[in-house]
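**Student:** Just a sequence and a predicted model for now, questions to come.
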Amino acid sequence: MLDEGRTVVLITHQIHSTEVGGGQTAARLAYDLASSNDPEIRRILDNVVLLDIPSLNPDGLQWVVEWYRRFVGTEYEGAPMPWLYHFYIGHDNNRDWYAFTQKETQLTVTKVHNAWHPQIVHDIHQMGGTGARIFFPPYIDPWEHNIDPALTTAVNQLGMYMAAVLTEQGKKGVVVAGQYDAFTPARAYQHYHAGARILSETASARIATPVDLPAERIHGGRGYDASKRSWNFPDPWPGGHWGLPDIVDYMESGAMALLSNAAKNRRYWLENFYHIGERAVTGWDTWPAAWVIPAGQANRTGLRYVLRILAMGDVEVRPARRAFTAGGRSFPAGSWVIPMRQPYASFAQTMLEVQHYPDLREYPGGPPRRPYDVTAHTLPFLMDVDAVPVDDSVDVELGEPIDPPAFDFRLPDALEGPDAPRVAVLKSWQEPMAAGWTRWVFDQYGLQYDTLHDADVRAGNLNDRYDVIVLQSQSATSIRDSYREGVLPPEYTGGLGERGVSALADFVRNGGRLVAIERAVDFAVDLFDLPVTNAVDRLPPQDFYIPGSILQVELDASDPLAAGRSETAVWYGRAGRAFDVSDPNIRVVARYGEGNPLLSGWVLGGEKIAGKAAEVEANVGKGSVVLFGFQPNYRGQTVATWPLLFSALIP
Ligand SMILES: [Zn+2]
């Protein structure tokens with residue numbers, strides 16, 4: 001097998017639609033591979049199976065191209081597109097590699113990854129335009145600890161090889177070992193499936209409009225100084241002209257170098273893949289013998305979601321044929337068993353266990369070193385599901401591995417039918433991704449709601465049409481003012497403006513409910529001068545820092561907003577708030593847990609929010625305002641807190 005096998009390489013282009021070099025590179029790469037008789041290319045063709053996806057978000061690519069072409073040669077050339085380039089989740093479309101919520105992710109995982117098991121995945125991106133010209137791995141720490149060490153070294157050698165080839169070709173400004181870490185599986189499905197993830201990030205122009213960058217405007221990034229030669233940035237780019245042809249040149253050279261490494265080291269890649277699988281099948285010392293997900297759990301939505309993630313992630317999940325005891329605990333027949341001696345056990349382990357993110361600092365005693373993404377993904381907390389690690393072997397007959405079950409989303413009765421509250425969600429011309437994720441959840445549940453653009457709010461008389469308006473996490477300035485005049489054509493600028501803001505105020509005073517989440521809390525607090533302050537506002541990061549973690553929250557179960565719960569795990573990200581409330585007229589629905597509320601991830605200064613209010617309700621005139629300090633819908637995964645979001649829609 002090793003003698004005959006080919007290295008399987010998957011290249012994915014332009015998941016982020018404004019990073020337009022990727023799609024252009026796909027066409028040129030295919031042409032060169034198909035038409036050249038260069039011996040290096042012949043070697044690639046003989047030794048590599050290449051799966052190439054020219055765009056992971058073709059709808060978004062179309063939007064971006066049409067938007068750009070509309071304004072070429074005008075004052076708005078290269079202007080930002082005023083809506084998310086993935087209909088629901090925008091730039092977060094590469095944060096969906098374990099939740100598998102979107103069609104594009106599902107198709108890529110089931111039809112490409114799980115069908116072909118690539119040993120190398122090259123994910124082509126663009127970054128900001130004022131630093132290095134291209135980034136390749138190594139990634140900086142931390143690497144999530146369930147990833148096989150032989151993938152870390154595989155990524156390191158391949159990234160360094162690509163950097164070496166480009167530098168040898170005279171391409172300046174290649175940086176390695178900066179900026180990007182390898183912690184969250186949300187960006188790296190392949191790291192749990194025996195494949196090396198090679199991210200490349202090429203400097204952007206203004207979409208397809210070239211830029212001229214003087215040397216003094218070039219800045220470094222994390223781990224390098226763009227004006228200085230260093231071990232991981234040995235040939236600084238001096239500045240000058242940079243456009244789409246340069247971007248495509250760098251990207252194609254990177255992809256060719258990757259393919260040539262895959263071809264030359266064909267046997268290494270196959271052996272590496274085999275040995276990673278062999279170690280997983282033998283089991284790691286740090287893994288339990290099995291995980292058991294007990295049957296008969298209360299949260300059906302969460303249960304189905306967890307099983308779906310594991311099964312779609314190519315993990316064997318098998319139902320127990322009868323009741324059994326393991327690890328001193330009894331489980332009913334039909335409980336799901338995940339034996340941890342299987343090829344993709346690391347995926348199950350990272351998704352089910354608690355994350356202990358390392359306490360990394362910029363320097364000893366200094367501020368925290370910012371993670372590239374978030375620090376927790378423990379599904380049992382996010383999805384309100386019980387999953388039990390057991391160390392002794394599970395002695396029960398198991399059925400066949402399950403297929404991924406469908407989502408099981410059921411709307412609360414009060415939100416269905418002719419008497420249901422009339423709900424609207426603001427879709428600003430600066431729509432935050434969280435709002436898109438929330439539209440996705442509402443659509444999955446079949447909730448009837450309207451989408452409000454700024455002009456719809458400015459038109460006023462909102463009470464005639466709505467009972468509840470939702471503002472997802474968006475700063476007060478962005479809600480009020482959105483894009484400044486001159487940045488975009490006038491119909492996309494100006495935000496709600498004074499008229500929109502006062503229409504929203506009237507809406508609440510006349511009996512409407514406003515639901516404001518995270519950053520949008522500041523807008524609602526300002527608007528009604530509410531006696532609520534953010535206890536962690538402007539604290540230095542040494543004293544308080546939560547870069548995306550899961551916390552414990554206590555709820556007042558007698559409050560209808562608590563959806564009958566007395567405690568839950570919640571998602572707390574960088575935009576989280578913790579409220580000091582002095583006025584007894586403000587009802588506290590939820591409080592962060594006492595002591596250190598951390599359940600999974602990383603928290604500095606947890607005591608700063610311990611016991612502080614996490615969700616409150618204030619009456620204003622005939623209406624009310626509900627403020628969420630945490631994100632009740634984090635990336636479509638927080639099944640545990642969706643009931644709180646839905647309760648907030650029922651005034
Ligand atoms: Zn990108």
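**Tutor:** All right, it came through fine.

**Student:** which residues touch the residue nearest to the spatial centre of the chain?
**Tutor:** Relative to the mean C-alpha position of the chain, the nearest C-alpha, by C-alpha atoms, centre = their mean, is the one of Arg95, at 2.7 Å. Shown in contact with Arg95 (C-beta atoms under 8 Å, 6 or more residues apart in numbering): Ile89, Thr184, Ala186, Arg187, Asp373, Arg635. In this view, the C-beta of every residue, glycine as well, is placed from N, C-alpha and C.

**Student:** Would you mind checking which of the residues you listed is nearest to Arg318?
**Tutor:** Nearest to Arg318 among the contacts of Arg95, counting by C-beta to C-beta, is Ala186 at 26.2 Å.

**Student:** Neighbours of the closest one, how many?
**Tutor:** Neighbours of Ala186 under the rule other C-beta atoms under 10 Å: 18.

**Student:** For it, which non-adjacent residue is closest in space?
**Tutor:** Excluding its sequence neighbours, the residue lying closest to Ala186 (C-beta to C-beta, 6 or more residues apart in numbering) is Arg95, at 4.4 Å.

**Student:** give me every residue that touches Ser227.
**Tutor:** Ser227 makes contact with Ala215, Ile218, Gly220, Pro236 under the criterion C-beta under 8 Å, 6+ apart.

**Student:** Correction: the previous question concerned Pro547.
**Tutor:** Residues in contact with Pro547, defined by C-beta under 8 Å, 6+ apart, are Pro368, Arg370, Pro371, Val374, Thr375, Gly573, Arg574, Gly601, Trp602.

**Student:** Need the three-state assignment for it.
**Tutor:** coil (DSSP: H, G, I helix; E, B strand; the rest coil).

**Student:** Please tell me how far it sits from Trp143.
**Tutor:** Noted for Pro547: a distance of 17 Å to Trp143, by C-beta to C-beta, to the nearest Å.

**Student:** Quick one: low-confidence residue ranges for the stretch 401-550 of the chain.
**Tutor:** Applying pLDDT under 70 to the stretch 401-550 of the chain flags no residue at all.

**Student:** quick one, phi psi at the residue in it positioned nearest to the ion?
**Tutor:** Proximity of the stretch 401-550 of the chain to the ion (C-beta to the ion) peaks at Met433, 13.3 Å away. Main-chain torsions, Met433, degrees, to the nearest 10: phi -60, psi -30.

**Student:** Show me what from the stretch 101-250 of the chain comes close to the ion.
**Tutor:** His125 (C-beta under 5 Å from the ion).

**Student:** rerun that using 8 Å as the cut-off
**Tutor:** Within the stretch 101-250 of the chain, the positions lying close to the ion (C-beta under 8 Å from the ion) are His125, Gln126, Met127, Glu201.

**Student:** out of those residues, who's nearest the ion?
**Tutor:** When those are ranked by distance to the ion (C-beta to the ion), His125 comes first, at 3.4 Å.

**Student:** Secondary structure class of the closest residue to the closest one other than its chain neighbours, three-state.
**Tutor:** Distances taken as C-beta to C-beta, 6+ apart place Glu201 nearest to His125, at 4.8 Å, with adjacent residues excluded. Under three-state DSSP, Glu201 falls in the strand class.

**Student:** neighbours of Glu201, just the number please.
**Tutor:** 23.

**Student:** Could you do the one 3 residues further on as well?
**Tutor:** Ser204 has 20 neighbours, counted by other C-beta under 10 Å.

**Student:** What of the one 10 residues further on?
**Tutor:** By other C-beta under 10 Å, 9 other residues sit near Pro214.

**Student:** Touching, it and Trp242? I think so.
**Tutor:** No - here Pro214 does not reach Trp242: they are 11.6 Å apart, not a contact under C-beta atoms under 8 Å.

**Student:** which SS state does the closest residue to the ion within the stretch 501-650 of the chain fall under?
**Tutor:** Among the residues of the stretch 501-650 of the chain, Arg635 lies closest to the ion, at 16.4 Å counting by C-beta to the ion. Under three-state DSSP, the three-state class of Arg635 is coil.

**Student:** isn't it right up against His91?
**Tutor:** No - assessed by C-beta under 8 Å, Arg635 is found out of contact with His91, at 11.7 Å.

**Student:** Comparing those two, which residue is more hemmed in?
**Tutor:** The residue with more neighbours, out of Arg635 and His91, is Arg635; 24 against 17, by other C-beta under 10 Å.

**Student:** what's near enough to touch that one?
**Tutor:** Contacts of Arg635 (C-beta under 8 Å, 6+ apart): Ile89, Asp92, Arg95, Asp96, Ala99, Thr101, Ala186, Trp437.

**Student:** Tell me which of those fall in helices.
**Tutor:** In helices, defined here by DSSP state H, the members of the contacts of Arg635 are Trp437.

**Student:** For this protein, what lies in contact range of the ion?
**Tutor:** Contact residues (C-beta under 8 Å from the ion) of the chain with the ion: Ile15, His16, Glu19, His91, Asn94, His125, Gln126, Met127, Glu201.

**Student:** just those now: which is nearest Pro339?
**Tutor:** Looking across those and measuring by C-beta to C-beta, the closest to Pro339 is Asn94, at 30.6 Å.

**Student:** what about the closest one, neighbour count?
**Tutor:** Asn94 - counted by other C-beta under 10 Å - has 21 other residues nearby.

**Student:** Could you pull up the contacting residues of it?
**Tutor:** Asn94 touches Ile15, His16, Asp123, Ala186, Arg187, counting by C-beta under 8 Å, 6+ apart.
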